[in-house]
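Trainee: take this sequence and fold it.
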Amino acid sequence: MILSLHGFIFYVVLALGAVTLLAGLVLIWMSRRAKGSAAGETLAPLGGYVSVQRVFRGLLWVTAIAGVVQGALGGILYLQGARAGVGLHYVYGLIVLAAIPVAYVYSDQKQQRRDIIIMTIAAAAIVGAAIRAFATGAP
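Mentor: Modelled structure (predicted):
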């Protein structure tokens, strides 16, 4: 039961990570600075920029929560004696679990564009690590 749920949550994490990555890329594209802006300035909202930013933040939260659920299920499986086929599965699982919280720590919450790029890279890391974890998980 837990193993099948752990396998199902993989697809949820992968889908959420991909949608978060796409939203981050759209936000990066929308947040391009106008010519002549000084580095570090707060970006002026463009069209639907604020809406996309809210969606992106929400997706980051949901993706992080899905990663925590996936990690918790994996931990339960490990405690029950189930083992992954390759030891790197645990490393990839930790990346899925920690990518967004670590990226948040590295973002300073002052330079919007820089923070968006950092969080988008975290979403890309989640997608890549989730795929690799799936590939190394079967015993």
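Trainee: tell me how many other residues crowd residue 15.
Mentor: 14 (other Cβ atoms under 10 Å). (Glycine included, C-beta is placed from N, CA and C.)
Trainee: phi first, then psi, for the residue nearest the centre of the chain.
Mentor: Closest residue to the average C-alpha location of the chain: residue 123 at 3.3 Å, with Cα atoms, centre = their mean. Here is the backbone geometry of residue 123 (degrees, to the nearest 10): phi -60, psi -40.
Trainee: report pLDDT for it.
Mentor: pLDDT for residue 123: 98.
Trainee: contacting residues for it?
Mentor: Neighbouring residues of residue 123 by Cβ atoms under 8 Å, 6 or more residues apart in numbering: 17, 20-21, 24, 60, 63, 99-100.
Trainee: for residue 26, give its distance to residue 136.
Mentor: Separation of residue 26 from residue 136 (Cβ to Cβ, to the nearest Å): 31 Å.
Trainee: scratch that, residue 65 is what I was asking about
Mentor: The gap separating residue 65 from residue 136 is 23 Å, by Cβ to Cβ.
Trainee: so which of those two has more stuff around it?
Mentor: More crowded of residue 65 and residue 136, by other Cβ under 10 Å: residue 136, with 17 against 12.
Trainee: which stretch of helix or strand covers that one?
Mentor: In this structure, residue 136 sits in helix 112-137 according to DSSP states H and E.
Trainee: and that helix, how far out from the chain's middle?
Mentor: Its chain's average C-alpha position is 5 Å from that of helix 112-137, according to Cα atoms, centre = their mean, to the nearest Å.
Trainee: any chance of the contacts of residue 123 in TSV, with neighbour count and distance to residue 6 too?
Mentor: As requested, these are exported to TSV (neighbours: other Cβ atoms under 10 Å; distance: Cβ to Cβ, whole Å):
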residue	neighbour count	distance to residue 6
17	27	16
20	28	21
21	22	22
24	23	26
60	21	22
63	27	17
99	25	18
100	23	19
